[in-house]
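Peer 1: Sequence and computational prediction follow.
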Amino acid sequence: MKETLPSEYLISHLETVLSAARMGPVLDLACGTGRNGLYLAGKGVEVHFWDKDKKNLEKIESIALENSIKAFFRQVDLETGQGGLLPAEYFSVVMVFRYLHRPLISEIKKSVLPGGIVVFRTYTTRQAELGKPSNPDFLLRDEELPGWFADWEIIDHSRGRLENPERYMAGIIARKSIRLKV
C-alpha cells in the first residue's frame, strides 16, 4: 500500500494500540490526510475517519478502496458538532494528532470503551516560539494532558522538543478503567 509514514508516536506504541484495537473499532479523529488511521487499517484494524475536510476524506476513501481496506468515513465539524457527536463507549481507541479543541475532551473520554485507550499528541505552548500554530487555543499547556486523564491509567506521557522538523509537542496514551459490575 502506498502510504505516508504514520506518527513516530503511534509507531513507538504500536503494540499497545493494536492490542486495544482488538476490542473494537478505532477512531482517527480530525484525521487530516489519514496517515495514522490508514497505517492501522493496513494492519487489519477497523478504522473510522472523522474530519471536517470532505476532500481529505475522499482521498482517504480512495486509498482505502485501492487497497481493499474496509474503513468508515464521517464528515463532521468537531467544533460545532455538526455531523454528529461521538457515540458513548463505542471505540476501543481514539487517536487525535495535531488537533486540539478542549470542549471535545469529555466527549472523547466518554466514547472510549472500558479498557480502551486514547492516543493524543499535539503541539504545546512552546510551539509559538517557533511559529505556527501559535494560537494558545490550539496549544497544550504544561501538564494539561495528564490532568485530563488523571482518572485513567497513564501508559505514556511525554512532552518536549522534537526534530525534523523542529516542533514542541506533548503526547499521552491513557487507558480507561474497566468498571466491575456488582
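Peer 2: Sure thing, it's come through. Numbers count the residues shown, from 1 in each chain.

Peer 1: what element comes up after the one helix or strand Val96 maps to heading to the C-terminus?
Peer 2: Val96 belongs to strand 91-97 when assigned by DSSP states H and E. Downstream of strand 91-97, the first helix or strand assigned by DSSP H and E is helix 105-111.

Peer 1: Which strands or helices does that next one pack on?
Peer 2: For helix 105-111, the packing partners by 3 or more Cβ pairs under 8 Å, 6 or more residues apart in numbering; DSSP states H and E come out as strand 91-97. No exception for glycine: its C-beta is placed from N, CA and C like everyone else's.

Peer 1: Residues contacting the strand it packs on, please?
Peer 2: Applying Cβ atoms under 8 Å, 6 or more residues apart in numbering, the contact partners of strand 91-97 are 7, 9-10, 17, 20-30, 32, 36-37, 48, 86, 108, 111-113, 115-122.

Peer 1: Now intersect those with the helices, please.
Peer 2: Of the contacts of strand 91-97, the ones assigned to helices by DSSP state H are 9-10, 17, 20-21, 36-37, 108, 111.

Peer 1: Dump those residues to TSV, plus pLDDT, neighbour count and distance to Ser68.
Peer 2: Listed next are the ones in helices among the contacts of strand 91-97 as TSV, based on pLDDT from 0 to 100; neighbours: other Cβ atoms under 10 Å; distance: Cβ to Cβ, whole Å:
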residue	pLDDT	neighbour count	distance to Ser68
Tyr9	97	21	27
Leu10	97	22	22
Val17	98	22	22
Ala20	97	26	24
Ala21	97	21	19
Asn36	98	28	19
Gly37	97	29	16
Ile108	96	20	30
Ser111	96	21	27
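
Peer 1: my guess is Asp156 meets Ile173, correct?
Peer 2: Yes. Counting by Cβ atoms under 8 Å, Ile173 is a contact partner of Asp156 at 4.5 Å.

Peer 1: Strands of this structure, start to end?
Peer 2: Per DSSP state E, the chain carries strands over the ranges 26-29, 47-51, 71-75, 91-97, 112-123, 153-162, 167-175.

Peer 1: Make a ChimeraX selection of the buried ones in the contacts of strand 91-97.
Peer 2: To isolate the buried ones among those in ChimeraX, judged by 16 or more other Cβ atoms under 10 Å, type:
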select :7,9,10,17,20,21,23,24,25,26,27,28,29,30,32,36,37,48,86,108,111,112,113,116,117,118,119,120,121,122
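
Peer 1: picking up where we left off before, would you give the sheet partners of the strand holding Val96, along with the direction of each?
Peer 2: Strand 91-97 sits in its sheet next to strand 26-29 (parallel), strand 112-123 (parallel), going by DSSP bridges.

Peer 1: these two touch, right, Glu46 and Lys70?
Peer 2: Yes. The pair Glu46 / Lys70 is scored as a contact, 6.6 Å apart, by Cβ under 8 Å.
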